[in-house]
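# Please work out how this folds:
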Amino acid sequence: MSIELAVIGGTGVYALGELADVETHQPDTRYGPPSGPVRVGTLAGKRVAFLARHGEGHSLPPHRINYRANLAALHALGITRVLALNTVGGITERFGPRVLACPDQLIDYTWGRVSTFCEEPGTEVLHVDFGDPYTPAWRRQILDAAQRAGVAVIDGGCYGATQGPRLETRAEIARMRRDGCDLVGMTGMPEAGLARELGLDYACLAIVANWAAGAGPEPDEVITLKDVLDNVAAAMDGVPRILHCLLSA
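Below you'll find the predicted structure:
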């Protein structure tokens, strides 16, 4: 049975407990090993792959993730559609903690990461169209599935990808707000760009874990890891229902 889609889990999402009959793949790629094993199981009668972006024990900080190996491993399994779960901070008013959003735009503030498969000598140089960084038709399918599942998901928004692993300063968040960012995370790039180079349908379901520095109703609030993980767990409650509707369409 072919694999219907792959889910990449972010901070606080290290497994997809709804998968049954799970097989473990531990692929190696020409770019090295991925973040961890690829778990392939059955959900809603379809085969689904899951990969923990930071490793299943959250051992990899954002700037040390081998994004190329992760995407290459999924591609080698014949996967053509990727749903990326990204834990983020909210910048603008609609994007508070425990909100789910499906952004449609992206600004890359990262640096020093290998961001293309065109790195090695002799490889084809690709200038992929990236005007819409998330595949529009695939985004629409996810949003439609969320509506059928009765799970609120914000349609649109701009994801700003920062270097990490530290959180951002108030001034950095203020700049990102001026730039038009609604969400801030650390893993949106180069993952989205690499998926485009491989011709994968790719979209992000952003899980808002906290207000970014200086944002929200209490701008002096201190962000704790416990709050982040609690908010991720609460927001994730609706994701399995979205997946069921998406796979049943």
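
# Can you give the distance of the helix or strand of the chain with the lowest mean pLDDT from its chain's centre?
One helix or strand of the chain scores below all others by mean pLDDT, DSSP states H and E: helix 225-235, with a mean of 88. Put simply, helix 225-235 sits 16 Å off its chain's centre (Cα atoms, centre = their mean, to the nearest Å).

# Likewise for stretch 220-227?
For stretch 220-227, the distance to the chain centre is 22 Å (Cα atoms, centre = their mean).

# Quote the end-to-end distance of that stretch.
End-to-end distance of stretch 220-227 (Cα to Cα, to the nearest Å): 15 Å.

# Residues contacting that stretch, please?
Identification of contacts with stretch 220-227 by Cβ atoms under 8 Å, 6 or more residues apart in numbering yields 89, 97, 167, 209-211, 213. Quick note: C-beta positions are derived from backbone N, CA and C, even for glycine.

# If we only consider those residues, which is nearest to residue 22?
The closest of these to residue 22 turns out to be residue 209 (Cβ to Cβ; 26.5 Å).

# Give me the neighbour count for that closest one.
27 (other Cβ atoms under 10 Å).

# For the helix or strand where it lies, which helices and strands make contact with it?
Assigned by DSSP states H and E, residue 209 falls within strand 201-211. Here strand 201-211 touches strand 81-90, strand 100-102, helix 136-149, strand 183-185, helix 191-197, helix 225-235, going by 3 or more Cβ pairs under 8 Å, 6 or more residues apart in numbering; DSSP states H and E.

# Which one of those lies nearest to residue 120?
helix 191-197 (13.2 Å).

# so for that closest one, what's the average pLDDT?
Helix 191-197 carries an average pLDDT of 98.
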